[in-house]
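S.K.: model this:
(one chain, ligands or ions: 2)
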Amino acid sequence: MIFLGEQEEALKKYSEIILCWLNIKLQGRYSVANPTGYSCDKENCPVCSKKIQNRTDLCPDFIRILNDGKLSRIVSYKPGLLILFEGVIRTMYMNLGHSEEEFKEQCKKLFVKSGYEGFFYTNLNYKLAEWLDIHTCTYCNRQYTLVMRKPGGEKCMVPQFDHWLSKGEHPLLALSFYNLIPSCSICNSSIKSTVAMNLDEHLHPYVDRDISRSFKFDYIAISPSEYQVNCINLRMEDNKSENTLDILETKLLYKGHSKKELQDLIDLRYKYSENYLDILLNRTFNHLEVSKIDKYRLIFGVEIDEEQYHKRPFSKFKKDIIDKLISVTGKS
Ligand SMILES: [Zn+2]
Ligand SMILES: [Zn+2]
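M.R.: Ligands and ions are numbered 1, 2, ... in the order given. Predicted coordinates for the structure are as follows:
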């Protein structure tokens, strides 16, 4: 998993659009006939200038609770506060005589069905992915998640967005910025799916800054000529890293690269000369001023600065394996 940073600019752009949409869904658009309706002050707002209707099948209590300035907090709160705030809103709604099921039903209608599955997927997923500018899957760093449009601007490819807290269990948070994690389809749909995550037991890509230092890739010899990728937990204070690696199947996913990317690096170290890896890194660019970062990019196609890991697949994996290969003396 990769730390995604603060992403304040992306949050600002995302909030402007999603808040206009949510407010109109609750109150309707402002007009002479609907003076209590919503419209932001911006000229040509891509949402308020459109003929979007309010959602008429929501419970009046639910609308009243959300209308009181809570939408912006639901959209922009960081995960810890967000979970607490979800509890506050649920309690307020249930205190008016409604059940938890009714609360979920209301949230599902607005935030999941019309919001995430409707508006987000037709208007916002490409934009959010472009604003975030994360080039590989947050969870595995194996697959590119670039955003590409066809020459006419039509949609072509875009990352999926995983709900770190599942939208089934937490429908209120289906449009919350820090709950939308850009990822590949394998990690989102096949591996993580609807697994229940929580901040006490798992790492969060917007919370835990030291994710990259909480584990490292390694390898073990399973025969004299065969090696297998291994993953080592480095975080001793709790089980968050171990649990997260388990849920994301990081070891299994990378095991699939044992005979490919891992073997290539091991060959560079042992097959062709005493330590060809060392020659490549330390003697190839002898007379040129090439930085270490550039060398890794040119030779191995990876980034070695933690904040840039996302720009190339296998960055952390190759960096960790190369570090080990360079440091071992003789045949391991
Ligand atoms: Zn607007
Ligand atoms: Zn992935």
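S.K.: alpha carbons only for contacts and neighbour counts from here, please
M.R.: OK.
S.K.: and K70, how far is that from N23?
M.R.: Separation of K70 from N23 (Cα to Cα, to the nearest Å) stands at 10 Å.
S.K.: before we move on, what about D68?
M.R.: If you measure D68 against N23 using Cα to Cα, the figure is 11 Å.
S.K.: which one of the two has more residues nearby?
M.R.: Taking other Cα atoms under 10 Å, D68 and N23 do not tie; N23 has more neighbours (23 against 9).
S.K.: now do the same for that one: helix, strand or coil?
M.R.: Three-state call for N23 (DSSP: H, G, I helix; E, B strand; the rest coil): helix.
S.K.: now swap in R142 and tell me
M.R.: coil.
S.K.: quick one: residues contacting the residue nearest to it when sequence neighbours are not counted.
M.R.: Excluding its sequence neighbours, the residue lying closest to R142 (Cα to Cα, 6 or more residues apart in numbering) is P313, at 4.7 Å. With contact set as Cα atoms under 8 Å, 6 or more residues apart in numbering, P313 has these partners: T136, N141, R142, Q143, Y144, V302.
S.K.: CSV for these, including pLDDT, neighbour count and distance to G256?
M.R.: CSV is the format used below for the contacts of P313 (pLDDT from 0 to 100; neighbours: other Cα atoms under 10 Å; distance: Cα to Cα, whole Å):
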residue, pLDDT, neighbour count, distance to G256
T136, 98, 25, 18
N141, 97, 24, 14
R142, 97, 20, 11
Q143, 96, 21, 13
Y144, 97, 20, 17
V302, 87, 24, 19
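S.K.: which one of those residues is nearest to I2?
M.R.: N141 (7.5 Å; Cα to Cα).
S.K.: what residue in the stretch 1-150 of the chain comes nearest to ligand 2?
M.R.: C140 (4.0 Å; Cα to the ion).
S.K.: quick check, pLDDT for that residue.
M.R.: Looking at C140, its pLDDT reads 97.
S.K.: does it touch T250 like I think?
M.R.: Yes. C140 lies in contact with T250 (Cα atoms under 8 Å); the separation is 6.7 Å.
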